[in-house]
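Novice: fold the stuff below for me.
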Amino acid sequence: MPGSAQPSETGLSQPSIASPFPRRRALWRGCWQRGGVLVLVSGLCLGAPLSSLAWANGRWGSVVYVNTPAGYALNSRWGPGTTFGVHQKNMRGCPLELSGTSRRGWLQLTNGTWVANNWVTTTPPRERMACVSFPSRQTVAIVTTPPGYALNIRRGPGTSYPLVGQYVHGSRLPFTGRFNGNWTELTDGTWVDGSFLQFAPGQGPPAQPTPIPTPTPTPTPDPYVQDLQRRLRQLGYLPPNFVISGFYDAETQAAVRTFQRVNGLAETGIVDAATWQALYNATQPQPPGPVSRQMRVNAGDSIQADAFSGPGPEPEYRKVATFANGTIVTTTGQVVGNWTEIQGNMWIFTAWLQPL
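Specialist: Below you'll find the model as predicted:
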């Protein structure tokens with residue numbers, strides 16, 4: 001590796017300590033002999049100068065040594081890449097035991113973690129040094145559940161996996177850096193919902209792509225409905241000031257039902273072939289002549305229906321009577337728009353009348 005180049009983010013980090021920690025358990029309890037130049041001296045490694053880069057040779061248990069610039073440690077990660085969480089920081093010169101597997105420039109260790117292959121060497125170090133490795137504090141997430149709730153621990157990344165325990169709010173959880181959607185793997189192999197974890201910057205699950213919202217289609221007027229509304233207005237089933245919209249709204253449907261009833265058709269509100277034919281066969285500008293008929297008042301959710309002095313509500317026409325639901329009234333056969341005349345020179349909303 002170049003002697004003057006600064007290490008990039010390929011697995012290195014500066015140690016968070018200035019001196020070794022003799023009281024902490026070392027990752028390796030001894031050193032291995034390579035070519036007769038490496039010996040064990042009171043737990044310290046003594047060897048030859050650093051040499052070329054090491055590559056996985058497919059043999060379990062091969063040993064390489066951390067070959068970082070002075071003052072830098074080598075990160076071992078939970079996967080082959082810098083997007084995976086840091087498991088440990090390994091000091092310069094420390095031995096690492098390989099599993100024999102390599103992937104995209106990363107070497108797997110026998111403990112299942114990975115290191116970048118350009119920061120290790122097969123040549124043991126010449127100088128004596130304490131081979132200390134220490135856990136990273138950057139791969140610990142904090143549980144942030146709502147008050148009164150705990151975070152479920154599951155055997156896999158999803159609610160379909162068995163529940164094995166819970167963590168209370170504020171718990172500190174070491175995680176591996178493996179994610180499945182919002183689910184986060186912990187170092188003991190269990191999984192939790194990462195939505196309730198607080199991660200250090202850059203340590204959380206990869207951001208999910210923001211879905212592109214599907215624009216709501218703008219409704220367009222239907223020319224057939226426009227034609228229907230014009231004909232209903234010409235025949236007096238819709239008021240003269242009705243705006244031709246091209247949308248089959250409630251007022252248009254009520255006019256269709258009235259037309260069907262007056263013309264002896266099934267009162268469905270659906271403009272079928274028979275209704276179209278009747279619409280275009282009608283020649284009078286108003287509905288057919290008076291035909292009295294008994295009807296029952298049914299105002300739906302309201303308990304009564306108001307009758308007015310003309311074909312419309314207040315303030316255009318005054319209220320002259322009120323009929324409770326179920327009252328039988330007699331229509332005169334006169335229909336104007338959505339209003340039907342009943343005996344007594346009163347008008348009632350057509351939709352409130354049901355045939356007996």
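
Novice: quick one: the strands in the stretch 1-150 of the chain?
Specialist: When secondary structure is read from DSSP state E, counting those that start in this stretch, the stretch 1-150 of the chain shows strands at 12-13, 39-41, 44-46, 63-66, 73-77, 86-90, 95-103, 106-109, 114-116, 120-121, 129-130, 133-135, 140-143.

Novice: quick one: low-confidence ranges for the stretch 151-300 of the chain?
Specialist: Applying pLDDT under 70 to the stretch 151-300 of the chain flags residues 208-210, 283-291.

Novice: tell me which of the strands of the stretch 1-150 of the chain lies nearest to Phe242.
Specialist: Of all the strands of the stretch 1-150 of the chain, strand 140-143 sits nearest to Phe242, with 62.4 Å by CB to CB. For the C-beta atoms, the positions are set from N, CA and C on the backbone; glycine is no exception.

Novice: quick one: pLDDT of the closest residue in space to Trp339 that isn't next to it in sequence?
Specialist: The shortest distance from Trp339 to any residue other than its chain neighbours is 3.6 Å, reached at Pro311 (CB to CB, 6 or more residues apart in numbering). The predicted structure scores Pro311 at 90 on the pLDDT scale.

Novice: hang on, the earlier thing: same list (the strands of the stretch 1-150 of the chain) but as TSV, adding mean pLDDT and distance to Tyr149.
Specialist: Shown next, in TSV, are these (pLDDT from 0 to 100; distance: least, CB to CB, whole Å):
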stretch	mean pLDDT	distance to Tyr149
strand 12-13	48	35
strand 39-41	30	52
strand 44-46	31	49
strand 63-66	89	43
strand 73-77	86	32
strand 86-90	80	29
strand 95-103	88	39
strand 106-109	90	38
strand 114-116	91	35
strand 120-121	90	45
strand 129-130	60	45
strand 133-135	55	29
strand 140-143	90	10
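
Novice: got those strands as CSV, with mean neighbour count and distance to Ser160 columns?
Specialist: Supplementary listing: the strands of the stretch 1-150 of the chain in CSV, determined by neighbours: other CB atoms under 10 Å; distance: least, CB to CB, whole Å:
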stretch, mean neighbour count, distance to Ser160
strand 12-13, 18, 37
strand 39-41, 11, 50
strand 44-46, 19, 48
strand 63-66, 24, 41
strand 73-77, 25, 29
strand 86-90, 24, 28
strand 95-103, 18, 29
strand 106-109, 22, 30
strand 114-116, 25, 29
strand 120-121, 22, 40
strand 129-130, 16, 47
strand 133-135, 18, 32
strand 140-143, 19, 22
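
Novice: and Tyr224, helix, strand or coil?
Specialist: Classification of Tyr224 into helix, strand or coil gives helix, according to DSSP: H, G, I helix; E, B strand; the rest coil.

Novice: how many neighbouring residues does it have?
Specialist: Taking other CB atoms under 10 Å as the criterion, the count of residues near Tyr224 is 12.

Novice: how much space separates it from Leu279?
Specialist: When distances are taken as CB to CB, to the nearest Å, Tyr224 and Leu279 turn out to be 12 Å apart.

Novice: Val336 too?
Specialist: 17 Å.

Novice: phi, psi of Thr218?
Specialist: In this entry, Thr218 is assigned phi and psi values of phi -80, psi 120 (degrees, to the nearest 10).

Novice: how far away is the residue nearest to Trp339 from Pro219?
Specialist: Applying CB to CB, one obtains 30 Å for the distance of Pro311 from Pro219.

Novice: looking at the two, which is more packed in?
Specialist: With other CB under 10 Å as the criterion, Pro311 and Pro219 differ in neighbour count, and Pro311 comes out ahead with 21 against 8.

Novice: touching, that one and Ile342? I think so.
Specialist: No. In terms of CB atoms under 8 Å, Pro311 does not count as a neighbour of Ile342; the distance is 11.4 Å.

Novice: more crowded one of Val336 and Leu279?
Specialist: Here Val336 and Leu279 are compared on neighbour count by other CB under 10 Å; more neighbours surround Leu279, at 20 against 17.

Novice: not counting its neighbours along the chain, what's nearest that one?
Specialist: Closest to Leu279 by CB to CB, 6+ apart is Arg231, at 5.0 Å.

Novice: surely that neighbour is in a helix?
Specialist: Yes. The assignment for Arg231, made by three-state DSSP, places it in a helix.

Novice: and the gap between it and Leu265?
Specialist: Arg231 sits 15 Å away from Leu265 when distances are taken as CB to CB.

Novice: just list whatever residues bridge to Pro355.
Specialist: When bridges are taken as DSSP bridges, the partners of Pro355 come out as Met295.

Novice: compute the number of surrounding residues for it.
Specialist: Neighbour number of Pro355 under other CB under 10 Å is 10.

Novice: quick one: it from Arg261, how far?
Specialist: Relative to Arg261, Pro355 is positioned 7 Å away (criterion: CB to CB).

Novice: common neighbours of these two, please.
Specialist: Shared contacts of Pro355 and Arg261, defined by CB atoms under 8 Å, 6 or more residues apart in numbering, are found at Glu267.

Novice: the strands in the stretch 251-356 of the chain, which residues?
Specialist: According to DSSP E, counting those that start in this stretch, the strands that the stretch 251-356 of the chain contains are 293-297, 304-308, 319-324, 328-336, 339-342, 346-349, 353-355.

Novice: packing partners of the first one?
Specialist: Contacts defined by 3 or more CB pairs under 8 Å, 6 or more residues apart in numbering; DSSP states H and E place strand 293-297 against strand 328-336, strand 353-355.

Novice: same question for the third one.
Specialist: For strand 319-324, the helices and strands in contact under the criterion 3+ CB pairs under 8 Å, 6+ apart are strand 304-308, strand 346-349.
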